[in-house]
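Trainee: sharing a model that was predicted from the sequence below.
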Amino acid sequence: MKIVIDGMGGDNAPQATVEGACMAVNEYGVEIIITGDEEIINDELKKHAYDKDKISVVHTTEVIENEEKPVQAIRKKKDSSMVVALNMVKDKKADLVISAGSTGALLSGGVFIIKRIKGISRPCICATLPTINGGSTMLADTGANVDCDTQNLMDFAFMTDIYAKKVLKNKNPRVALANIGTEEGKGNDLVKKTYELLKDEKSINFTGNMETRDILNGVCDIVVCDGFVGNIVLKTVEGSVLSLFKKLKEAMMSSTKSKLGALLMKSELMKIKDLLDYTSYGGAPFLGVDGGVIKAHGSSDAKSFKNAINQGIMFHEGEVVEEIKKYVEEKAK
């Protein structure tokens with residue numbers, strides 16, 4: 001398989017994208033194409049040992065910035081590292097694209113360049129959150145679709161269920177609806193109608209409503225919601241975890257006594273930090289487009305980017321796009 005990487009996307013590009021690519025080549029033996037400024041990319045590649053036959057560079061002259069309007073940027077910057085990478089997937093020159101660049105631009109490019117799978121109402125982006133029991137929970141949608149109808153949420157549930165089975169190797173993922181209470185009949189019109197449809201769907205292991213305060217407790221494997229709710233939940237969880245560790249560090253450094261206590265607890269604290277490290281999952285898949293698209297975190301370091309590449313490998317080997325197409329065919333019968 002071939003993976004194309006937007007070499008100029010992300011806060012730490014191109015250092016993190018290039019180093020992550022070299023790490024992935026050495027560990028997984030995958031073939032990688034990096035798009036971006038050839039001189040800059042090659043200068044970074046010189047810093048690392050890797051199989052020279054496994055990495056190639058495609059020169060581009062433009063970069064899409066986070067501040068730009070996504071659709072306009074995709075349409076105007078035809079020679080940007082992101083657009084060139086997306087076109088390689090569209091033209092079947094690569095199996096999958098990974099970018100840590102602008103989320104909006106990547107999603108727009110997925111829809112307008114690669115195109116959505118016929119029969120999917122709207123694609124969704126799925127973030128994977130670590131849970132305190134050592135597992136993970138997928139949240140879909142996390143921002144691709146602010147306003148949704150019941151068919152959108154049903155598609156999100158089915159596509160994420162496929163991803164969990166094929167990539168995360170979860171044979172019977174528990175699917176829940178994000179809601180303001182666990183009781184049946186709670187929530188707005190959208191959630192109530194979707195609840196009834198999921199309750200009657202025999203091919204999905206629907207467990208009912210879930211309050212998002214339980215999302216890190218591992219009570220389900222997939223949480224379905226519209227992109228407005230999902231994006232707020234995702235950013236609240238990320239911000240809360242980062243703030244918690246910041247306050248813990250401040251408390252531990254506040255006195256000699258607390259420093260000694262922190263030293264004694266260092267290994268246990270590191271285990272908790274690693275347990276809640278969302279970067280270990282690499283990125284979020286964009287499900288429902290006719291090709292592999294994975295959004296790596298904007299602040300991804302080399303290790304996180306390598307994990308995103310591994311995620312891409314599992315996405316391709318799990319034939320996620322093909323399985324979603326099968327779901328569409330069954331739905332049409």
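Mentor: Arrived safely.

Trainee: does residue 173 really touch residue 165, like I thought?
Mentor: Yes - assessed by Cβ atoms under 8 Å, residue 173 is found in contact with residue 165 at 6.6 Å. Placement of C-beta: from N, CA and C, glycine included.

Trainee: beta partners for the most centrally placed residue in the chain?
Mentor: The C-alpha lying nearest the average C-alpha coordinate of the chain belongs to residue 284 (Cα atoms, centre = their mean; 0.5 Å). Using DSSP bridges, the beta-bridge partners of residue 284 come out as residue 295.

Trainee: higher neighbour count, residue 173 and residue 165?
Mentor: residue 173 (20 against 17; other Cβ atoms under 10 Å).

Trainee: per-residue confidence at the more buried one?
Mentor: What the model reports for residue 173 is a pLDDT of 97.

Trainee: ok, it - contacts?
Mentor: Residues near residue 173 by Cβ atoms under 8 Å, 6 or more residues apart in numbering: 161, 164-165, 205, 221-222.

Trainee: with residue 68 instead?
Mentor: Residue 68 neighbours (Cβ under 8 Å, 6+ apart): 102, 105.

Trainee: just the pLDDT for it.
Mentor: Looking at residue 68, its pLDDT is 95.

Trainee: ok now the host helix or strand of residue 234, how far from the chain's centre?
Mentor: Taking DSSP states H and E as the definition, one finds residue 234 inside helix 227-252. In this view, helix 227-252 has its centroid 18 Å away from the chain centroid, taken as Cα atoms, centre = their mean, to the nearest Å.

Trainee: ramachandran coordinates for the closest residue to residue 99 other than its chain neighbours?
Mentor: With sequence-adjacent residues excluded and distances taken as Cβ to Cβ, 6 or more residues apart in numbering, residue 99 is closest to residue 6, at 3.6 Å. Main-chain dihedrals, residue 6, degrees, to the nearest 10: phi -70, psi 100.

Trainee: by mean pLDDT, which helix or strand of the chain comes out lowest?
Mentor: Counting by mean pLDDT, DSSP states H and E, the chain has its least confident helix or strand at helix 266-275, which shows a mean of 68.

Trainee: quick one: residues contacting residue 73.
Mentor: Residue 73 neighbours (Cβ under 8 Å, 6+ apart): 64-65, 80, 102, 105, 108.

Trainee: I misspoke; the intended subject was residue 4.
Mentor: Counting by Cβ under 8 Å, 6+ apart, residue 4 touches 32-35, 58, 85, 88-89, 93-94, 96-98.

Trainee: what strand or helix carries it?
Mentor: Residue 4 is located in strand 2-6, with elements delineated by DSSP H and E.

Trainee: could you pull out the buried residues of the helix or strand following that strand?
Mentor: Towards the C-terminus, the helix or strand next in line after strand 2-6, according to DSSP H and E, is helix 15-28. Neighbour counts using 16 or more other Cβ atoms under 10 Å place 16-25, 28 of helix 15-28 among the buried residues.

Trainee: before we move on, what about stretch 141-149?
Mentor: By 16+ other Cβ under 10 Å, the buried positions in stretch 141-149 come out as 141-145, 148.

Trainee: what is the nearest of the residues you listed to residue 116?
Mentor: Closest approach to residue 116 among these (Cβ to Cβ): residue 144, at 10.7 Å.

Trainee: and that closest one, helix, strand or coil?
Mentor: Taking DSSP: H, G, I helix; E, B strand; the rest coil as the rule, one finds residue 144 in the coil state.

Trainee: bridged to the closest residue to it other than its chain neighbours, which residues?
Mentor: In space, and not counting its chain neighbours, residue 144 is closest to residue 125: 4.6 Å by Cβ to Cβ, 6+ apart. Per DSSP bridges, the residues bridged to residue 125 are residue 286.

Trainee: you'd agree residue 125 is up against residue 140?
Mentor: Yes - counting by Cβ under 8 Å, residue 140 is a contact partner of residue 125 at 7.3 Å.

Trainee: now do the shared contacts for the two.
Mentor: residue 287.

Trainee: how close does residue 32 get to residue 44?
Mentor: Going from residue 32 to residue 44 by Cβ to Cβ, to the nearest Å gives 13 Å.

Trainee: ok, the nearest residue to residue 4 once chain neighbours are set aside - contacts?
Mentor: What sits nearest to residue 4 in space, not counting adjacent residues and going by Cβ to Cβ, 6+ apart, is residue 94, at 3.9 Å. Neighbour list for residue 94: 2-4, 33, 85, 88 [criterion: Cβ under 8 Å, 6+ apart].
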